[in-house]
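Engineer: requesting a structural model of the entry that follows:
(2 chains)
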Amino acid sequence: MESESALYINYLPVMLGGVVGFILVFTALIGARLLAPFSKENQKLTTYECGMLPIRRASTNIGMRFYLYAILFIVFDVEAIFIFPWAMSFLNVGVFAYWLMVLFIGVLALSLGYAWKKGALQWR
Amino acid sequence: MSVELFGTSFNPWVDAAIRLQLVVGFMTVVVMGLIYAERKILARFHQRVGPQKTGPRGLLQSVADAVKLVGKEDLRPAAADPWTFELAPYFVFIPIFLGFVIVPWVQGWNVRLLELGILYFVAISSISIVGWVMAGWGSDNRYAIIGALRAAAQGISYELPLVLALLSAAMLAGSLQLDKIVEFQSAVPLIVWQPLGFFIFFVAALAELNRTPFDIPVGESEIVGGPFVEYSGIRWSMFFLAEYAGMLIMAFVGSSVFLGGYSWPFGEDFGLPFQMLLAAGKGGLFIFLIFWVRASVPRLRIDQLMGYSWKILLPFSFLQILINGFVLVYGLPHIILLITGVLSLGLLFWVTEGIVQRPLEPRRRRARPTIVQEAEVS
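Structural biologist: Residues are numbered from 1 along each chain as shown, chains lettered A, B, ... in the order given. Next up, the predicted model:
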C-alpha cells in the first residue's frame, strides 16, 4: 500500500500535466477565435501550392525508404528498452551479466552490419 | 496523504496543480526571452543589430510577436482533414510540456522527480513525432507531407543515440532519477568521464529539436516550412512554442545529466541563489551552443543526416555503453573512461570527416539497352 500511494503521488502530476497542457493550447485557440478577424473567401482556403492546384490527395504517395527506417527503428528501440534494466542492475550480478550484454550487443551489431551491407541504411 | 510545498503540506492534487502552474508561467516567460535572445544573438553573428524598435533595446519584441499571432486570422484549408489538422497542435505541444515534470531546476524545486526519470523523458518526448506527422498528413499539402515524413524519419533515427547516450551517463550515476544523477556529479561533472556521450547527446538533441544543421523537416528553402505550411496564426505559434519549450527542457536535462546541474562546482551547500545561478548559467550555455551551431553550420543533406545517425552515432553509443560497463564491472579507475572517451571522440571526428565530404551516391537505375556505337564495333 505504501508503494502504491508513492506511485499515485508521483504520477499524478503526469496526468494533470496532460490536462494543463490541453487547457493551455485550448485557451490559446479560444483567444484567437475571440480576437482574430475571420472573413470567408474561397481563395484563402485553397491549398498552398506554387502554380496550379494539386490533383488528388497529397497523402497517398509515401516513399518506401521511410518504412525501412521505421522497421529498423523498432528493432533497435526494443533493444534499447532491454538495455535499460540491465544498465541499472548489472553491478549486482557481476561479470557474467556484463559479458552476456556484450554478446547481446554483438548480435545486434551483426544485424546492423547486415542491414548496412544490404544497403538499408543508404538513402536513395 | 499530503505533499510538502513551501513548508506547508497540501493535498497531492492541489500540490501538483500549483507546481504545474508555476512551470507554465516560467515556461512562457523563458520562451519569450529565448525568442528575443535568439534573434539578438543570431543578429550579432550576422553583424546586424537585431530587434531594436519595440521597447528599450527591442525587449518587447516577443510580446509584439505574441499579440500579432493572437490577432491573426486562423485558416484551415478546405482540402485539409479537419480532425487531424485541429488536433495536431495538441499532440505536438502536450508531450513536450509533460517533459517538464521531471526537470530538476534547483534542489527541491521541481514538479516531481520520478524514479524512472530518463526513461520517462525519452518516452514522452518522442510522442510529439506523432503530432508532426498528423500536422503534415492532415494539411493535405505536398510540402507538408514530405516535411512530416522527414521529421518522422529523423526523429526516430536520432532517438536511439539520444537514449543510449543518456543511459550511458545514468550507468555511471547508478540511477535514472535526475536529481540523483545531479548529486552524483558534485565532485566531477559527467562530461569529464563521458565526452563521447555528451557529444552524441548534443548532436542527437539538435536533431530531435529540428534545429540547424538538422532542420530538413522544416527547411524553408526546400519545403517552405514543412508540416506547418498550412498553419497560421495561433496554431502555428503553438508549434513554435513547443519547439522552444523543447529546447528549454533539452538544455536543462542535458546540463543536469552531463554538466552537473545545480550541484557542480561547490555542491549544494551554497544555498538556493547560487544554485539558481549555476542552473541558469549552464542551461543558458547549452542554449547558446544551440544558437551558435545554427549560426555557423549549413543544413545537411538527407542521406548524410540519416547515415550519420545509423552508421556513426549508433555504433559509437554502443561502444560507450560497453566501455562503461567494462570499467564499472571490473572496478577500474574512472580515468580510463576519460582516456577512452577522448580517443573515441577523435575517432568519431575522423570518421565523420570522411562521410561528410563524400558526394551523394547516384541513384541506381535499371540497366537500359545501350546503343552500340560504330566506333566501338570496328
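
Engineer: domains of the chain?
Structural biologist: No chain specified, so I'll use chain A. For chain A, automatic domain parsing gives the domain ranges A:1-36, A:63-124.

Engineer: the chain in question should be chain B.
Structural biologist: Taken from automatic domain parsing, chain B resolves into B:31-71, B:73-356.

Engineer: out of the ones you listed, which is the most enclosed?
Structural biologist: Most buried of the domains of chain B by mean neighbour count (mean count of other CB atoms under 10 Å in any protein chain shown) is domain B:73-356; its value is a mean of 20. Yep, even glycine has a C-beta here, placed from its N, CA and C like the rest.

Engineer: distance from the chain centre to that domain, please.
Structural biologist: 3 Å (CA atoms, centre = their mean, to the nearest Å).

Engineer: and the domains of chain A, which one is worst for confidence?
Structural biologist: Least confident of those, judged by mean pLDDT, is domain A:1-36 with a mean of 81.

Engineer: anything in it near chain B?
Structural biologist: Yes: using CB under 8 Å from any CB of the partner chain, domain A:1-36 reaches chain B at A:5, A:8-14, A:16-18, A:20-22, A:24-25, A:28-29, A:31-33, A:35-36.

Engineer: any of the residues you listed buried? List them.
Structural biologist: A:9-14, A:16-18, A:20-21, A:24-25, A:28-29, A:32, A:36 (16 or more other CB atoms under 10 Å in any protein chain shown).

Engineer: tell me which of the residues you listed fall in strands.
Structural biologist: Of these, none are assigned to strands by DSSP state E.

Engineer: looking at those, which are in helices?
Structural biologist: A:9-14, A:16-18, A:20-21, A:24-25, A:28-29, A:32 (DSSP state H).

Engineer: pLDDT wise, what is the residue nearest to residue B:214 when sequence neighbours are not counted at?
Structural biologist: Spatial nearest neighbour of residue B:214, chain neighbours left out: residue B:207 (4.0 Å); criterion: CB to CB, 6 or more residues apart in numbering or on different chains. The model reports residue B:207 with a pLDDT of 90.

Engineer: ok, now the one 3 residues further on?
Structural biologist: At residue B:210, the pLDDT value in this model is 85.

Engineer: residue contacts, it?
Structural biologist: B:151, B:154, B:217-218, B:243 (CB atoms under 8 Å, 6 or more residues apart in numbering or on different chains).

Engineer: I'd like the next helix or strand past the host helix or strand of residue B:280.
Structural biologist: Here residue B:280 sits within helix B:272-296, counting by DSSP states H and E. Sequence order places helix B:302-307 as the next helix or strand after helix B:272-296, per DSSP H and E.

Engineer: strands along the stretch 201-350 of chain B, start to end?
Structural biologist: With DSSP state E, counting those that start in this stretch, there are no strands along the stretch 201-350 of chain B.

Engineer: one more: chain A?
Structural biologist: Counting by DSSP E, chain A contains no strands.

Engineer: just the closest residue of the stretch 251-378 of chain B to chain A, please.
Structural biologist: Among the residues of the stretch 251-378 of chain B, residue B:303 lies closest to chain A, at 3.6 Å counting by CB to the nearest CB.
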